[in-house]
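1. return a 3D structure for these sequence lines:
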Amino acid sequence: MYEGIGEPYIDKLFRELLIKYNVNYIPPGAVRHVDYIISEEMIILELEDTLQEVYNAIAQIKDLIGGVSKAINCRIVIALPIPRFIELILSPLQRFFIVLSHLNLIGELWLLDFEKDRIIKILPEKINPSSILRNTSVVIKVKTNDKYEISEEDAREFIRELKNNLR
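-> Reported below is the predicted structural model:
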């Protein structure tokens with residue numbers, strides 16, 4: 001598990017993954033308030049090192065990044081290492097989906113599995129996954145209602161599928 005080791009370390013590991021798979025990107029600092037822009041498919045990516053920081057990324061998307069994403073018609077991704085307690089992902093994931101739906105944006109949450117050199121892409125079932133890093137990705141679609149809320153039953157099913165993919 002890499003959660004909480006610090007964003008500079010997660011950033012280093014993530015850059016190595018991008019370089020390994022020849023993904024073009026604009027690095028942190030090049031665009032104000034944006035961690036990465038993945039340039040092959042125009043994705044604005046916020047890289048976090050803990051699940052708690054996902055809420056900060058969501059606020060930043062809501063206040064600063066959402067308008068840019070809408071203007072250039074690109075997807076938003078929040079990426080972070082696999083959390084120590086995977087069940088805790090539900091609340092920030094649902095919040096992320098709801099905020100994106102209110103802003104009329106499309107997004108994904110990526111769990112970075114550095115040990116297996118892969119990404120687990122999580123997105124609402126109605127959305128198609130981005131093609132970025134598709135050769136090293138597992139896609140898990142979450143059932144949501146029209147407001148992008150996740151029912152208790154669908155949450156249990158999602159966590160079960162996620163745990164199976166983490167084995």
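2. distance of the most centrally placed residue in the chain from Ser39?
-> The C-alpha lying nearest the average C-alpha coordinate of the chain belongs to Leu109 (CA atoms, centre = their mean; 2.3 Å). Relative to Ser39, Leu109 is positioned 20 Å away (CB to CB, to the nearest Å). Every C-beta, even on glycine, is put in place using the N, C-alpha and C of the backbone.
3. that's a strand at Asp146, yeah?
-> No: with DSSP: H, G, I helix; E, B strand; the rest coil as the criterion, Asp146 is located in coil rather than a strand.
4. so how far is Pro124 from it?
-> Asp146 is 10 Å from Pro124, by CB to CB.
5. also Tyr21?
-> 25 Å.
6. look at these two and report which has more neighbours.
-> Pro124 (19 against 15; other CB atoms under 10 Å).
7. tell me how far stretch 72-91 lies from the chain's centre.
-> Relative to its chain's centre, stretch 72-91 lies at 4 Å (CA atoms, centre = their mean, to the nearest Å).
8. what comes up buried for that stretch?
-> Buried residues in stretch 72-91, counted by 16 or more other CB atoms under 10 Å: Cys74, Arg75, Ile76, Val77, Ile78, Ala79, Leu80, Pro81, Ile82, Pro83, Ile89, Leu90.
9. now the residue nearest to the centre of the chain: closest residue in space, sequence neighbours ignored.
-> Once flanking residues are discounted, Leu109 sits nearest to Ile122: 4.5 Å by CB to CB, 6 or more residues apart in numbering.
10. three-state assignment of the one you found?
-> Strictly by three-state DSSP, Ile122 counts as strand.
11. give the contact list for it.
-> Contact partners of Ile122, counting by CB atoms under 8 Å, 6 or more residues apart in numbering, are Ile89, Leu93, Glu108, Leu109, Trp110, Leu111, Ile140, Lys141, Val142, Leu162.
12. and for Arg118?
-> Thr136, Ser137, Val138.
13. ditto for Ile132
-> Val23, Ile38, Glu40, Glu41, Ile43.
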